[in-house]
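Engineer: how would this look folded up:
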Amino acid sequence: MSTAKPVPDGFHTLCPHIIVRDVTKAIAFYKAAFGAEQVNVHYMPDGKTVMHAQIRIGDSPILMAEENEQWGTKSPLLLGASPVSLHLYVKDADALFNRAVKAGATVAMPIADMFWGDRYGKVVDPFGHHWSIATHIEDLTEEQMVQGAKEMFARMAAQQDK
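Structural biologist: So this is what the prediction gives:
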């Protein structure tokens, strides 16, 4: 019987595995935008094409593979959209949000205080991946969140009526 751990050290039960066009450039961006640390990069026999890479942001590993239609690995840039958003909880959402934008991310939703108790905003990286960035700033009850959502939607409706 193997003594290997079912979940290796440094991993979580669920780890994102993203497909990007140009893993090398993506790693450089994630270092600049999110303070990522490169863990490893494995190449195909050509010595140029990245087969697999791993970075770490905070305590979370992110696995990456190169876009390749032949393998069925399609990036958001190839697909023209991404149905997934990667969520980062950090100590200072404003600082990381601004750092990501400075590194080349596009603002999808400006950072603001949200009704569920987070300081929260969204960006899209140059590789088509969506990132939400948050700092939890207030513990709220379910009732407070429901009321906050009602108030937010009422404000949105009032702005649309103008």
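
Engineer: Can you tell me the SS state at the residue positioned nearest the centre of the chain?
Structural biologist: The centre of the chain sits closest to Leu86, judged by Cα atoms, centre = their mean, with a distance of 3.0 Å. Classification of Leu86 by DSSP: H, G, I helix; E, B strand; the rest coil places it in strand.

Engineer: if I pick it, what's in contact with it?
Structural biologist: Neighbour list for Leu86: Pro16, Ile18, Ile62, His129, His130, Trp131, Ser132 [criterion: Cβ atoms under 8 Å, 6 or more residues apart in numbering]. In short, each C-beta sits where N, CA and C put it, glycine included.

Engineer: Try it again at 6 Å.
Structural biologist: Pro16, Trp131 (Cβ atoms under 6 Å, 6 or more residues apart in numbering).

Engineer: Met114 versus that one, what's the distance?
Structural biologist: 18 Å (Cβ to Cβ, to the nearest Å).

Engineer: What lies in contact with the helix ranked longest in the chain?
Structural biologist: Determined from DSSP state H, the single longest helix within the chain is helix 142-161. Identification of contacts with helix 142-161 by Cβ under 6 Å, 6+ apart yields Phe115, Trp116.

Engineer: Give me the distance between that helix and the centre of its chain.
Structural biologist: 26 Å (Cα atoms, centre = their mean, to the nearest Å).

Engineer: and what of stretch 56-72?
Structural biologist: Here stretch 56-72 is found 12 Å from its chain centre; the criterion is Cα atoms, centre = their mean.

Engineer: With stretch 122-139 instead?
Structural biologist: Offset of stretch 122-139 from its chain centre (Cα atoms, centre = their mean): 6 Å.
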